[in-house]
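Novice: Predicted coordinates and the sequence they were generated for:
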Amino acid sequence: MTPEAAAARLLDARRTGRPFAAAPDDGPENEAAALAAQALVAAEVGAVGAFKTGRKAPGAAPIMAPIFARDVHATGAALAGGRLRGVELEVAFRLERPAPDARDPDFEAKLRAAVVALPAIEIIESRLDDMEAAGAHWKLADNQMNGALVLGAPLADWSGLALARPALGLSIAGDVVQAGPTDAPGGDLFATFAAFVRRVGGHCGGLRPGVAVITGSLTGMRFTVAGAAVEGRIDGLGAVSCRFA
């Protein structure tokens, strides 16, 4: 399937609110086609306010998926209920000034000085009827199943934050679903973020000051329902919450 055809199906699902059945052999043929579909959807939907990234192992290429500005919320937000949704607790980094040139020998040190860290809750909601059956390229084209993003307060001095094994807590509807130190996916989360900055270029508008990047789920996807409150905390970083109307 061409990127244009994949984007048309995804846009129709966004307009109608009806997910569609998809399979690996009827979707984008490779990663490049999936990223092209992302860009075509973004051109129709509107401004990108954040990105999601992550990787399964240190040194692996990071994923890239846009999050639309209209779907980025501050902590305490009340979000629409509706379909069963997933939530994930993550660490985000937000540019406060332009990123340094990736070719700069001091790139990572300068990048550290240019960002703040924030606790984040990602809401997972797919345009695909069965996310797993659809396959990796459809999931990537579908913005890696992003539905919304909730950001906590920024922390300017995050030098003491544990980025390979942060301690955290996540509760849903008053029940603690995860607590304690957790291995970060792909190793050090800032290293994952830096790899994303090196890769993103101008994709979906590129990374600009004010745009946050979430760096991979620390909790796996946990399901919630309408009416539930979600509360997360990351030791050394702070708390973030939302509720589903």
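Specialist: Received, thanks.
Novice: ok, which stretches of this protein are helices?
Specialist: Remark: helices assigned in the chain by DSSP state H are 3-16, 31-45, 107-113, 131-134, 136-141, 189-200.
Novice: Could you export these to JSON lines, including columns for mean pLDDT?
Specialist: Shown next, in JSON lines, are the helices of the chain (pLDDT from 0 to 100):
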{"stretch": "helix 3-16", "mean pLDDT": "97"}
{"stretch": "helix 31-45", "mean pLDDT": "98"}
{"stretch": "helix 107-113", "mean pLDDT": "97"}
{"stretch": "helix 131-134", "mean pLDDT": "90"}
{"stretch": "helix 136-141", "mean pLDDT": "97"}
{"stretch": "helix 189-200", "mean pLDDT": "98"}
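Novice: Would you tell me which one of those is buried the most?
Specialist: Among these, helix 136-141 has the highest mean neighbour count (mean count of other C-beta atoms under 10 Å), at a mean of 23. C-beta: built from backbone N, CA, C; applies to glycine.
Novice: need the contact list for Met221.
Specialist: With contact set as C-beta atoms under 8 Å, 6 or more residues apart in numbering, Met221 has these partners: Gly86, Val87, Glu88, Ile124.
Novice: nearest to Val211, of the helices of the chain?
Specialist: helix 189-200 (9.9 Å; C-beta to C-beta).
Novice: which residues touch the closest one?
Specialist: Contacts to helix 189-200, defined as C-beta under 8 Å, 6+ apart, come from residues 51, 53-55, 58, 61-62, 64, 91, 93, 99, 102, 107-108, 111-112, 115, 163-164, 166, 184-186, 206-207, 213, 215-216.
Novice: Whichever of those residues end up buried, select them in PyMOL.
Specialist: The PyMOL selection below is limited to those of those classed as buried (16 or more other C-beta atoms under 10 Å):
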select buried, resi 51+53+54+55+62+64+91+93+99+107+108+111+112+115+163+166+184+185+186+207+213+215+216
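Novice: picking that back up, tell me the most packed of the contacts of Met221, by neighbour count.
Specialist: Counting neighbours by other C-beta atoms under 10 Å, Val87 comes out on top of these with 26 neighbours.
Novice: so what's Phe244 up against?
Specialist: Counting by C-beta under 8 Å, 6+ apart, Phe244 touches Ala78, Leu79, Ala80, Gly81, Arg85, Thr224, Val225, Ala226, Gly227, Ala228, Ala229, Val230.
Novice: Quick one: those as CSV, columns for neighbour count, distance to Glu4 and pLDDT too.
Specialist: Shown next, in CSV, are those (neighbours: other C-beta atoms under 10 Å; distance: C-beta to C-beta, whole Å; pLDDT from 0 to 100):
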residue, neighbour count, distance to Glu4, pLDDT
Ala78, 11, 36, 94
Leu79, 22, 31, 91
Ala80, 13, 29, 83
Gly81, 15, 33, 65
Arg85, 23, 29, 83
Thr224, 22, 34, 89
Val225, 13, 36, 81
Ala226, 14, 35, 81
Gly227, 10, 39, 87
Ala228, 18, 38, 91
Ala229, 14, 41, 95
Val230, 23, 36, 96
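Novice: Considering those residues, which is situated nearest to Ala34?
Specialist: Closest approach to Ala34 among the contacts of Phe244 (C-beta to C-beta): Arg85, at 22.4 Å.
Novice: Enumerate every residue touching the closest one.
Specialist: Ile123, Ile124, Glu125, Gly147, Phe223, Thr224, Phe244.
Novice: so how many other residues sit close to the first one?
Specialist: Close neighbours of Ile123, defined as other C-beta under 10 Å, add up to 24.
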